[in-house]
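*Asks:* fold the following, please.
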Amino acid sequence: MGADIKALRTRMKSVDSTLHLTKAMGLVASSKIRRATEAMNRGREYKKAVDEVVKLLTACPECKKSPYMQVRGSERTRIIAIAGDRGLAGGYNANIFRTAREFGGAEFITIGKRACDRFGKEPNSSEHFSYEETYALAEKLCAEFCAGEYDRLGIISTRYVSMLSQEPQVSWVLPLVCEEEKASAGVIFEPEELTILNAAVPEYVAGTIFSAIRESFACEVMARRTAMDSAGKNAQEMLDELGLQYNRARQGAITQEITEIVAGAGE
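*Replies:* Down below sits the predicted model:
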């Protein structure tokens, strides 16, 4: 009986330590949600504005000459995989890696420590990846696409649905796709459309990547808070059950001691 009480006490201490850890991580995630959501919304607004300009330009017949609109196939694919810097966020990172497995022959560019570890790349942080770094990456990718070093560019990221729901997604960035319904009638471009498009594409690619990074990070902190809330509730339930078992074991031990004392006194 004494061994059972000792084992229960040790287990209760372990679960209590886990409970404190999950609460602390949940609080940290909660403190980041507001700033992450604001950054996500700003990124979405910027991407929407750049998208509108690019859609107008790609609808112009002259812009079909742009190297960014040349479709060459899909054999040489590059994928930017955006994951988190740490774990304990439910299925957030696992969903990204599961989606990445669908593109086994692709060359991966990673953002986020977990993605870098997974694909053996130089580590960087998805939380602190700056726009300057993003634009430098976009310029490099655009130059290599024009040079014919790869055929298409995609992004695997996480899309925000709600506080409790985030989904992995694949977005294709290059080559650009012409959307005929976006007629440019009434819009005057200076200089001519092809020059503007070629100059705007690095900004468009950078905005698309940066928006995906900010949205993915917001999804990460929300997923982590949800996971920590769930883990905390489970730990509390386990602690309550262990406390009940511990009290029963103590009562049993006390009853046994009293019985032994009474039996000894009667001899």
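
*Asks:* helices of the stretch 151-267 of the chain, residue ranges please.
*Replies:* Secondary structure of the stretch 151-267 of the chain (DSSP state H, counting those that start in this stretch): helices at 193-266.

*Asks:* give me the below-cutoff pLDDT ranges for it.
*Replies:* Scanning the stretch 151-267 of the chain for pLDDT under 70 picks out the ranges 179-190, 252-254, 257-258, 260-267.

*Asks:* try 80 this time
*Replies:* 163, 178-191, 228-240, 242-267 (pLDDT under 80).

*Asks:* please name the bridge partners of Gly91.
*Replies:* Gly91 forms beta bridges with Ala89, as assigned by DSSP bridges.

*Asks:* separation between it and Ala227?
*Replies:* Separation of Gly91 from Ala227 (C-beta to C-beta, to the nearest Å) stands at 9 Å. Placement of C-beta: from N, CA and C, glycine included.

*Asks:* higher neighbour count, the two?
*Replies:* Higher neighbour count among Gly91 and Ala227: Ala227, with 20 against 12, using other C-beta atoms under 10 Å.

*Asks:* show me what contacts that one?
*Replies:* 88-90 (C-beta atoms under 8 Å, 6 or more residues apart in numbering).

*Asks:* among the residues you listed, which one is most surrounded by other residues?
*Replies:* Busiest of those [other C-beta under 10 Å] is Ala89, holding 25 neighbours.

*Asks:* for that residue, give its distance to Gln251.
*Replies:* Ala89 sits 41 Å away from Gln251, going by C-beta to C-beta.

*Asks:* residue contacts, Cys63?
*Replies:* Residues in contact with Cys63 (C-beta under 8 Å, 6+ apart) are 57, 69, 178, 193-194, 197.

*Asks:* please apply the same query to Pro123.
*Replies:* Here Pro123 is in contact with 113, 116-117 (C-beta under 8 Å, 6+ apart).

*Asks:* wait, is it part of a helix?
*Replies:* No. When classified by DSSP: H, G, I helix; E, B strand; the rest coil, Pro123 is found to be coil rather than part of a helix.

*Asks:* tell me the phi and psi of it?
*Replies:* Here is the backbone geometry of Pro123 (degrees, to the nearest 10): phi -70, psi 140.

*Asks:* ok, now how distant is it from Glu144?
*Replies:* On the measure of C-beta to C-beta, Pro123 and Glu144 end up 22 Å apart.

*Asks:* could you do Thr208 as well?
*Replies:* Plainly put, Thr208 is 16 Å away from Glu144 if you go by C-beta to C-beta.

*Asks:* more neighbours: which of these two?
*Replies:* Thr208 (25 against 14).

*Asks:* for the more buried one, what are its contacts?
*Replies:* 47, 50, 155, 171, 173.

*Asks:* so what's the spatially closest residue to Gln245 that is not a sequence neighbour up against?
*Replies:* Spatially, and ignoring its direct neighbours in sequence, Gln245 is nearest to Leu8 (5.8 Å; C-beta to C-beta, 6 or more residues apart in numbering). Contact analysis of Leu8 by C-beta under 8 Å, 6+ apart lists 242, 245-246, 249.

*Asks:* before I go, just wanted to say thanks for your time.
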